[in-house]
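[1] just the structure for this:
(chains A and B)
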Amino acid sequence: MGKTIELEIFRYIPEIDEQPAYRSYEVEFEDDWVILDAINHIKDKMDGSLSYRWSCRMGVCGSCGMMINGIPKLTCATFLKDYYPKKVKVEPLLGFPVERDLVIVMDDFMTKLENVKPWMIRDKDKEKTIDKGEYLQSPVQLEKFIQFSMCINCLLCYSACPVYVVDNNFIGPAAIALAQRYNLDSRDDGQDQRNEYIGKHEGIWDCTFVGECSKVCPEDVDPAAAIQQAKVTNTQNFVKSILWPFGGKK
Amino acid sequence: MLKHDILIIGGGGAGLRAAIAIGEIDPELSVAVVSKVYPMRSHTVAAEGGAAGVIKDNDSFENHCMDTISGGDWMPDQDAVELFVKKAPEELIQLEHWGCPWSRESDGKVAVRPFGGMNIERTWFASDKTGFHLLHTLFQTSLKYDNIIRYDEWFATKILVENGRCQGVTALEIRSGKVQAIAAKSVIICTGGAGRLYPFTTNGSIKTGDGLALAFRAGVPLKDLEFMQFHPTGLPGTGILITEAARGEGGILVNKDGYRYLQDYDLGKPLDINDPDHPVKKSMELGPRDRLSQAFVLEHEKGGTIPGPYGHVVHLDIRHLGEKIINKKIPFVRELATKYAGIDPVFEPIPVRPVLHYTMGGIDTDIDTATVIPGLFAAGECACVSINGANRLGSNSLTELLVFGRIAGEGAANHAKNNPGPDISALESQEKDEQNRILKGFYQKESGTENISGLREEMQEYMDSGVGIFRNEQGIRKTCDKLAELKERFANIKIEDNTSTFNTEVTVALELEGMLEVAQALSHCALDRKESRGSHQRSDFTGRDDDNYLKHSMAHYTGDIPKIDYKDVIITKWPPAERVYGR
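    Take a look at the predicted model:
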């Protein structure tokens, strides 16, 4: 012990605060402390009223995303020593309504996730029973979508997205990446159904490919690539549907 | 009043599997998942290594049963193990059909890897994020059923029993601070284990054993709680798990002299790491977790461990696997070690020490996941059915939550179809009482001086010292006394935050209230089991005593010191024998 760092934390309790304010906490820390350790220390020892979400503290449950000095980060995977001796500003994820303190309202994402139909959709004739065993899938076929399946729903990409933070209608990076995850899976036939929602919905056409979503993704999912692919597929479908009115599917 | 046919408390692997089972059975049944976190945050997400199921030609039903029963030191109920092993493959294939990205062989078939305590490789895996993929596959699949309704971030506070039947729960909507009854014809508890009773654990902050406390207070016995699993390879400081798959792929454990010390603790003789037969199954590094964690303590007493800033460690060395295999088979191990231990395991050994990992005991259920209260079921880590006995084998838990999650869903659906609706006016009166209790005792608690985190830390300290890897009467008694004291002091906790919006000071206090009950039940079970078996090692009673203790401990809620009695273990085909590893 010995070193102390200042955390400036966004505080807002709707029933008592007219507007949000920042409160500063001085915390003694070790070099192996992540920002979440400091926040837990504050909650346990200094100010029990601070609210935030966390659980696994190993970068896989996706609960603890916050803005750290203006950049969306998982606080369980971001070290204080990388900021010391400067202070650390901690805010709720940008682009979402604030429930309280560092807790955002997630309803919008949950609806969008459901809307992209993130489950296996199989043509009836391909469906088989359990006793027939697994669907074969080569490592090469698995490789095609596995990256997009790594999304932990932490929502950092939404906070980094210049489109989403000004226009919440955008389906957003994670949901599109998860749609692509199923579209590219050799066992799935649901691409048309998903594209119906993604293609017609305002959003992917607004994405300017600045790639901020991929930069902040803690799992290297590369949602920007997923959006790019979705755009290409939907453009092709659109063109085909004009050229061949009898059906431009796939 | 909010009303559904079936309520599921907890949205992890078991809860979601149960929900989907009901969705498949009857779209007319209304099923609600009540979870204190969004389902994809549930701790199933953190499981790494894989899920066991017999699928390869060289494996057999008997093999998996025998490994599980001997691994559990003959404490598992053998009828439940047989059911589990029989249903395991179909559940894993079902998950494949739902899209789980299992790792594959070059011919496109699902790949399997070896795991500790298993005599053959039978662990299905999705790289080393199997729990993550399993949970997200289940969660995303659950979204397609219109009859699955979710209460995300609702904290269940009480099981409602009327007329001898479970008729729902009261739950706190964390967002608003409102406590409401949710009526149902059947309820399934799937809230996970209680790793957070201990200071050093792989378990996330949410794993506070809430469901165990709910069932216990409602009158369901807690079974075999003294069996808590310490996993041999946790990262010092954080307690983050380094998966057993690291050893399944060939990683070795060495002491301060680079010596594979496990050979000194009746776990077999080591083969050279370049020997094509390394690693040998059920031997050395692929021994069971309880034995490996105990070997660490003994090696520490012998002076063979390595001092570090967070206590002594040994080294898990995977360097000989090479960067390519590490990146392909266990990339998460590399990521975690690099990020949280500051070492890259491609070039340096990983410092590890035993860490509390899994709750073998839990809510007492029969083989159909039913509890003694009609309409109340339990499945997953919170339950004790029991297939894990005195020590769970790695990669049985993910399969367990699928197999028994489904059975619970089917049982609850069946119960709901054949039982009358809830007694609303009686439930309303219970609802009012519970609203008052939460309001007066927590949200509007006026006086109080005890610090919540202080009490929690004291509890954890005494759990570690009294009911850790090795135990004795004196230590356990001290812990029992401390827990009784902490329960009294809990009445005097200080809650400074009186607001109702997302008040996590209140939820943390509610968790602690339940944890103290569960900790007390655990410690008294440990005190009364005067033998050593599996993960319960008494230095004052060193042998296994089948004559007196081939029995499940049953802790009953009394409001004061829990009452402990016993229930016979079910033996079908495998009479008790010596547990043998490496010879």
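
[2] which residue is nearest the middle of chain A?
    The centre of chain A sits closest to residue A:155, judged by Cα atoms, centre = their mean, with a distance of 2.7 Å.

[3] OK, contacts around the closest residue to chain A within the stretch 151-300 of chain B?
    The stretch 151-300 of chain B approaches chain A most closely through residue B:204 (3.8 Å), counting by Cβ to the nearest Cβ. Any C-beta I mention is one placed from the backbone N, CA and C, and that applies to glycine too. The contact partners of residue B:204, by Cβ atoms under 8 Å, 6 or more residues apart in numbering or on different chains, come to A:55-57, A:61, B:43, B:46.

[4] out of those, grab the one that's most surrounded.
    Within the contacts of residue B:204, most neighbours by other Cβ atoms under 10 Å in any protein chain shown means residue A:61, with 30 neighbours.

[5] hang on, residue A:73 in a strand?
    Yes: counting by DSSP: H, G, I helix; E, B strand; the rest coil, residue A:73 is part of a strand.

[6] helix/strand/coil for residue B:377?
    Residue B:377 ends up strand, using three-state DSSP.

[7] from residue B:385, how far off is it?
    Between residue B:377 and residue B:385 the computed distance is 11 Å (Cβ to Cβ, to the nearest Å).

[8] then residue A:223?
    Applying Cβ to Cβ, the value for residue A:223 to residue B:385 is 40 Å.

[9] so which bits of stretch B:419-428 are buried?
    Residues of stretch B:419-428 classed as buried: B:419, B:422-424, B:427 (neighbour count, 16 or more other Cβ atoms under 10 Å in any protein chain shown).

[10] as TSV, those residues with secondary structure would be great.
    Below are these laid out as TSV (three-state DSSP):
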residue	secondary structure
B:419	coil
B:422	coil
B:423	coil
B:424	helix
B:427	helix
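
[11] can you narrow these to ones near chain A?
    Among those, no residue is within reach of chain A (Cβ under 8 Å from any Cβ of the partner chain).

[12] closest to residue B:308 out of the residues you listed?
    residue B:427 (53.9 Å; Cβ to Cβ).

[13] can you pull the pLDDT of the closest one?
    Residue B:427 is assigned a predicted lDDT (pLDDT) of 98.

[14] so what's it up against?
    Going by Cβ under 8 Å, 6+ apart, residue B:427 touches B:1, B:160, B:162, B:167-168, B:181, B:183.

[15] is there a quick ChimeraX command that grabs whichever of those residues are buried?
    To isolate the buried ones among these in ChimeraX, judged by 16+ other Cβ under 10 Å, type:
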select /B:160,162,167,168,181,183
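
[16] what's the closest of the contacts of residue B:427 to residue B:212?
    residue B:160 (17.4 Å).

[17] beta partners of the closest one?
    Beta-bridge pairing for residue B:160 (DSSP bridges): residue B:168.

[18] ok, it to residue B:424 distance?
    Distance from residue B:160 to residue B:424, by Cβ to Cβ: 11 Å.

[19] my guess is residue A:167 meets residue A:205, correct?
    No: using Cβ atoms under 8 Å, residue A:167 is not in contact with residue A:205; the gap is 11.8 Å.

[20] returning to that earlier point: can I get the contacts of residue B:204 in TSV including secondary structure and distance to residue B:459?
    Converted to TSV, these look like this (DSSP: H, G, I helix; E, B strand; the rest coil; distance: Cβ to Cβ, whole Å):
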residue	secondary structure	distance to residue B:459
A:55	coil	20
A:56	coil	21
A:57	coil	20
A:61	coil	24
B:43	helix	20
B:46	helix	23
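
[21] between those residues, which sits nearest residue B:77?
    residue B:43 (25.0 Å).

[22] how about the residues of the stretch 401-550 of chain B that lie near chain A?
    B:452-453, B:495-497, B:499-505, B:508.

[23] same thing but 6 Å
    B:453, B:496-497, B:499, B:501-502, B:504-505 (Cβ under 6 Å from any Cβ of the partner chain).

[24] so of those residues, which ones are in strands?
    Of the positions in these, not one sits in strands, assigned by DSSP state E.
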